[in-house]
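Peer 1: Curious how this folds, go ahead:
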Amino acid sequence: MRVVIQRVKHGRVSVDERNVAEIGLGVVILLGIGHGDGEEQAKYLAKKIAQLRIFEDEQGKINRSLLDVGGEAIVVSQFTLYADTRKGRRPSFTDAARPEIASSMVNDFAKLLADEGVPTQMGEFGAHMLVEIANDGPVTIWMEK
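Peer 2: Purely as a prediction, here's the structure:
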């Protein structure tokens, strides 16, 4: 499981000019599901992200978590995080889980994040999405489990 976490002042996901998710302060999480990913990886990353200290405290130090600041999250399925670009010019995505597996894993991950206390919205799996990210900092973190 691979995630790219972007700390945002504002995030929005739309499909066909229809808003499907929108948050203020929080994170936009781009989530890739690989072969063999399961509940263990999802639980670990949901807990880690909820508690990850990536927001500034009163002294301007990055010392507060999503839970500390009352932040929200948008989870966006992103199979392209498993792109293999070693050969040729067209990326291969054979390391990404099949859609029928990935879809339920993305839903499970979002529920686990919400269970950690983070208000969580989602993009639309399999849709062509417009993801608007007002990256704050910028703070962008890549994680894998």
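Peer 1: What residues does the residue positioned nearest the centre of the chain make contact with?
Peer 2: In the chain, the residue lying closest to the centroid (C-alpha atoms, centre = their mean) is Ile29, at 1.6 Å. For Ile29, the contact set (C-beta atoms under 8 Å, 6 or more residues apart in numbering) comprises 3-6, 49, 73-76, 113. Every C-beta, even on glycine, is put in place using the N, C-alpha and C of the backbone.
Peer 1: if you set the cut-off to 10 Å instead, what comes out?
Peer 2: By C-beta atoms under 10 Å, 6 or more residues apart in numbering, the contact set of Ile29 is 3-6, 11, 45-46, 49, 73-78, 109-110, 113, 118, 120, 122-123, 141, 143.
Peer 1: which element is Ile49 on?
Peer 2: Counting by DSSP states H and E, the element that carries Ile49 is helix 39-51.
Peer 1: And that helix, how far out from the chain middle?
Peer 2: 11 Å (C-alpha atoms, centre = their mean, to the nearest Å).
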